[in-house]
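1. Sequence first, predicted model second:
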Amino acid sequence: MAAPAHRRSLRKRRTLVVSAAVVAAGVGAGALVLNANAGTVDLYHETLAAKDGWASSGTGTTGGTKADAAHTFTVSTRAQLVKALGSATDTTPRIIKIKGTIDANTDDAGKKLTCANYASGTGYSLASYLKAYDPSTYGRSKLPSGTQETARAAAQKKQAARIVFKVPANTSIVGVPGTGAGITGGMLQIQNVDNVIVRNLTFAATEDCFPQWDPTDGADGNWNSNYDSVTLRGATHVWADHNTFTDAPHLDSANPKYYGREYQIHDGALDVTKSSDLVTISRNQFTNHDKTTLIGSSDSEPAGKLRVSIHHNVYKGITQRAPLSRVGQVHIYNNYYDVTPLNGYAVQYSINSRAKAQVVAENNYWKVPSSVKVAKLLSGDGTGSVKGSGNLVNGTVTDLVAAYNAASSKDLKTTVNWTPTLTAGLESGSAVKNLPTSLGSSAGAGVLK
């Protein structure tokens with residue numbers, strides 16, 4: 001896209017003036033951002049606004065805005081995306097424009113790859129795996145080991161080589177408007193790098209062909225998969241904005257059961273782990289998914305990081321982890337949660353605070369059917385905190401923490417050790433009641449122009 005002209009038209013100047021007036025009136029910064037995107041801002045060079053959540057802290061998040069022409073790419077295939085990303089250790093600023101949908105499960109020539117292709121030559125077969133680790137003969141006290149587990153790991157490694165895209169520092173990955181931009185079957189891995197922007201993309205069908213059986217996971221064991229659509233591991237200054245995340249077309253209701261447990265091929269949608277820090281997750285849509293956003297992969301992660309802002313997102317058909325927070329300081333505001341069961345996805349909880357997490361949840365809106373108890377909207381382990389205010393359930397201000405604590409033996413704490421200050425665009429009052437409508441047309445992929 002060409003850089004914007006230095007001289008703005010009268011119409012564009014009027015748009016900015018009107019937008020600024022809307023913000024001054026207290027409606028929120030969202031209108032200014034959207035109008036600016038539509039009229040004056042080059043989407044691919046746009047940076048995170050000042051005070052827009054934790055990712056604006058310190059040096060802020062600018063992604064690849066300083067990229068030169070040689071590091072500005074338009075890609076539409078897996079092979080082109082891999083080439084544009086280059087080495088994960090190359091910190092040269094780059095802008096990657098994704099045009100259309102990229103299928104991660106393809107070879108370098110664009111030919112479709114299946115689970116059978118990845119298993120080929122490894123000796124793995126699901127039938128043999130199920131026979132080898134049947135709890136009635138193998139037991140439940142140890143993880144699988146031996147020939148079939150080695151083969152499963154080898155097949156999984158072959159799939160990972162195709163579908164995991166390692167993102168370097170100082171990168172913006174942005175979907176080209178009007179092209180249905182996105183990645184299907186793939187994972188963006190943002191690991192031990194700083195300053196990354198991911199916008200306007202649909203992430204769908206991120207699936208593990210070779211889940212591992214863990215008989216020690218819970219009372220009955222579990223099948224665990226290996227790929228998130230977007231995963232942050234030790235990453236800093238990351239802005240994920242206006243994306244859509246979904247399991248479609250293969251929903252969990254289609255998963256078979258083995259050993260009496262669901263054969264789960266999906267992991268997280270957008271996870272923030274391994275002491276990642278200074279992250280803003282804004283104006284995304286999360287739908288038809290179970291384990292949505294994990295903040296902190298272990299209760300023993302060190303304190304001082306995992307600072308995340310989550311605002312103006314839409315959650316529909318989400319089972320849990322919206323988010324699950326450990327250790328860090330997490331600000332959750334102006335999100336819309338519709339917990340009506342959808343396509344077999346029924347809510348276990350929306351927000352979980354554990355391992356001494358310090359969560360501030362304010363001015364969010366929950367749509368709750370009569371079949372779901374308000375006490376189920378939160379969860380915790382007895383050590384986490386949720387300071388809640390201004391949260392609405394079906395349009396009525398509701399103390400979610402009090403409702404949860406009244407029904408739980410492990411109370412959530414109600415005080416936190418910090419006060420959010422990076423809150424540009426925070427909406428209150430009547431604007432919160434309007435979130436189901438306003439976010440319905442302004443969140444997710446395909447909105448930005």
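-> Yep, it's here.
2. where does Ala161 fall, helix, sheet strand or coil?
-> Three-state call for Ala161 (DSSP: H, G, I helix; E, B strand; the rest coil): helix.
3. and it, how many residues sit next to it?
-> Each residue near Ala161 was counted by other C-beta atoms under 10 Å, and the total is 9. In this view, the C-beta of every residue, glycine as well, is placed from N, C-alpha and C.
4. Equivalent analysis for the one 4 residues further on, please.
-> Around Phe165 sit 22 other residues, with neighbours defined as other C-beta under 10 Å.
5. how far away is the residue lying closest to it once chain neighbours are set aside from Gly382?
-> Leaving aside its sequence neighbours, Phe165 sits nearest to Leu188 (C-beta to C-beta, 6 or more residues apart in numbering; 5.4 Å). Counting by C-beta to C-beta, to the nearest Å, the separation of Leu188 from Gly382 is 34 Å.
6. Between these two, which has more neighbouring residues?
-> Here Leu188 and Gly382 are compared on neighbour count by other C-beta under 10 Å; more neighbours surround Leu188, at 26 against 11.
7. what's next to the helix or strand where that one lies, contact-wise?
-> In this structure, Leu188 sits in strand 187-191 according to DSSP states H and E. By C-beta atoms under 8 Å, 6 or more residues apart in numbering, the residues outside strand 187-191 that reach it are 88, 104, 163-167, 173, 196, 198, 203, 206, 227-235, 238, 274.
8. centre of the chain versus it, how much separation?
-> Strand 187-191 sits 11 Å away from the centroid of its parent chain (C-alpha atoms, centre = their mean, to the nearest Å).
9. strands paired with that strand, and their directions?
-> strand 164-166 (parallel), strand 230-233 (parallel) (DSSP bridges).
10. Just the buried positions in the helix or strand following the longest one, please.
-> With elements assigned by DSSP H and E, the helix or strand that comes after strand 230-233 is strand 236-241. Neighbour-count burial for strand 236-241 flags 236-241 (criterion: 16 or more other C-beta atoms under 10 Å).
11. what about the stretch 1-150 of the chain, any weak spots by pLDDT?
-> Judged by pLDDT under 70, the stretch 1-150 of the chain has its weakly predicted residues at 1-41.
12. where exactly do the helices run in it?
-> 10-24, 30-39, 78-85, 115-119, 126-132, 135-138, 147-163 (DSSP state H, counting those that start in this stretch).
13. what do you get for the stretch 251-400 of the chain?
-> So, for the stretch 251-400 of the chain - with DSSP H, counting those that start in this stretch - the helices run 400-407.
14. Give the residue spans of it that score low on pLDDT.
-> Checking the stretch 251-400 of the chain against pLDDT under 70 turns up nothing.
15. Output the buried residues of strand 236-241 in CSV, with distance to Arg354 and pLDDT appended to each entry.
-> Converted to CSV, the buried residues of strand 236-241 look like this (distance: C-beta to C-beta, whole Å; pLDDT from 0 to 100):
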residue, distance to Arg354, pLDDT
Thr236, 23, 98
His237, 25, 98
Val238, 22, 99
Trp239, 26, 99
Ala240, 23, 99
Asp241, 27, 98
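16. What is the nearest of the residues you listed to Thr92?
-> His237 (16.6 Å; C-beta to C-beta).
17. how close does that closest one get to Ser309?
-> 12 Å.
18. what residues are shared contacts of these two?
-> Both His237 and Ser309 are in contact with 55, 279, where contact means C-beta under 8 Å, 6+ apart.
19. mind listing what Asp194 touches?
-> Applying C-beta under 8 Å, 6+ apart to Asp194 gives the contacts 169-170, 235-237.
20. Please compare those by their distance to Leu48 and name the closest.
-> His237 (8.4 Å).
21. Does that closest one touch Ala55 like I think?
-> Yes - counting by C-beta atoms under 8 Å, Ala55 is a contact partner of His237 at 5.5 Å.
22. any residues in contact with both of the two?
-> In contact with both His237 and Ala55: 61, 278-279, using C-beta under 8 Å, 6+ apart.
23. so of the residues you listed, which ones are in strands?
-> Among these, DSSP state E puts 278-279 in strands.
24. list the contacts for Arg162?
-> Shown in contact with Arg162 (C-beta under 8 Å, 6+ apart): 78, 104-107, 113, 118.
25. Only whichever of those residues are buried, select them in ChimeraX.
-> The buried residues among the contacts of Arg162 can be selected in ChimeraX (16+ other C-beta under 10 Å) with this line:
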select :78,104,105,106,113,118
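26. Output the contacts of Arg162 as JSON lines; include the columns distance to Val368.
-> Shown next, in JSON lines, are the contacts of Arg162 (distance: C-beta to C-beta, whole Å):
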{"residue": "Arg78", "distance to Val368": "41"}
{"residue": "Ala104", "distance to Val368": "36"}
{"residue": "Asn105", "distance to Val368": "37"}
{"residue": "Thr106", "distance to Val368": "42"}
{"residue": "Asp107", "distance to Val368": "46"}
{"residue": "Leu113", "distance to Val368": "42"}
{"residue": "Tyr118", "distance to Val368": "42"}
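27. Check the contacts of Arg162 and tell me the two furthest apart.
-> Top of the distance list for those (C-beta to C-beta): Arg78 and Tyr118, 14.6 Å.
28. what about Val432, is that helix, strand or coil?
-> Per three-state DSSP, Val432 ends up helix.
29. Could you find the closest non-adjacent residue to it?
-> Closest to Val432 by C-beta to C-beta, 6+ apart is Asn363, at 4.8 Å.
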